[in-house]
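**Student:** Show me how the following folds:
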Amino acid sequence: MSDTIYIKSKSEIEILRQAAKIAAGARSMGRQAVRDGLTTRQIDKAVHEFIVKSGAKPSCLGYAGFPAATCVSVNEEVIHGIPGRRVVRNGDIVSIDLCATYRGFIGDCAGTYPCGEVSDEAKRLIEVTRQAFFEGLRFAKAGYRISDIGGAVQDYVEANGYSVVRDFVGHGIGRDMHEAPEVPNYRTQRARPNPRLVKGMTICVEPMVCAGDWHVEILDDGWTVVSRDRSLAAHYENTILITDGEPEILTMADDI
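**Tutor:** This next block holds a predicted model:
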């Protein structure tokens, strides 16, 4: 990832809005596909078809060799789950993470959704993870620093008895899926870059939250990240535009 932060022009922002709208619709499609008896591959298929029919390309497919359009992660899987034969069952929680490329710009979003009736603890984990995003969003304004977002996310998550993953972070986004700056979900050390937010920046804030300890590990497939203690995990992400006022959530459409 380059250290250069790209400020988007008005015309670029308009294209990014369209890419983000498609990504948000694809997330909604994936959410609707989460039901008992379907495989994670079937969820991915629904997302893939939606993105293509919308005139975009699934950015994740082929990215660094990733074999699908969607990361579908179940229960203790935090992120980057590879869709396959795994069957989703009532009581599972399913994280869906995807990107859509439209006219050279990328929209990125994620969410964790229940399959049927899930435990009260699972419901609470999903709710806290989603709200953690909005806690961070309060500081996604020109003049604040990246660490203000991460600090707000961390404080809220830990106040609710959960932990935030340290090994993976949010990021800038635009023509590339991962642009500068990195956007950690925790209060960073001084040695880490901590730029101020300015109008025209586009970033992804994405709390990754574990019910237990925050340490994670990558499975033998080289992609799937799981909580080391195998506690439940949840993920929530949106693409955000920094303005001269309140931040604009570009991927908010269809998220309920």
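
**Student:** gap between the closest residue to Gly170 other than its chain neighbours and Ala69?
**Tutor:** Counting by CB to CB, 6 or more residues apart in numbering, Val183 is the residue found nearest to Gly170 once chain neighbours are left out, at 3.3 Å. Heads up, the C-betas are built off the backbone N, CA and C, glycines and all. Val183 is 23 Å from Ala69, where distance means CB to CB, to the nearest Å.

**Student:** Which one of these two is surrounded by more residues?
**Tutor:** Neighbours were counted for Val183 and for Ala69 using other CB atoms under 10 Å; Ala69 has more, 28 against 24.

**Student:** check contacts around the residue nearest to that one when sequence neighbours are not counted.
**Tutor:** The shortest distance from Ala69 to any residue other than its chain neighbours is 3.3 Å, reached at Pro58 (CB to CB, 6+ apart). For Pro58, the contact set (CB atoms under 8 Å, 6 or more residues apart in numbering) comprises Val47, His48, Ile51, Val52, Ala69, Thr70, Leu98, Cys99, Ala100, Thr101.

**Student:** Leaving out sequence neighbours, find the closest residue to the second one.
**Tutor:** Residue nearest to His48 in three dimensions, not counting chain neighbours: Ala69, with 3.9 Å by CB to CB, 6+ apart.

**Student:** Next: the fourth one.
**Tutor:** Nearest residue to Val52, sequence neighbours excluded (CB to CB, 6+ apart): Pro58, at 7.3 Å.

**Student:** Could I have the CA atoms of stretch 49-59 written out in CSV?
**Tutor:** The C-alpha trace of stretch 49-59 is given here as CSV (Å, rounded to 0.1, in the frame of the first residue of the first chain):
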residue,chain,number,x,y,z
GLU,A,49,-24.7,-12.3,-9.9
PHE,A,50,-26.1,-9.1,-8.4
ILE,A,51,-22.8,-7.2,-8.9
VAL,A,52,-22.5,-8.3,-12.5
LYS,A,53,-26.1,-7.5,-13.3
SER,A,54,-25.5,-4.1,-11.9
GLY,A,55,-22.8,-3.4,-14.4
ALA,A,56,-19.9,-3.8,-12.0
LYS,A,57,-17.2,-6.3,-11.3
PRO,A,58,-16.7,-8.2,-8.1
SER,A,59,-13.4,-6.7,-6.8
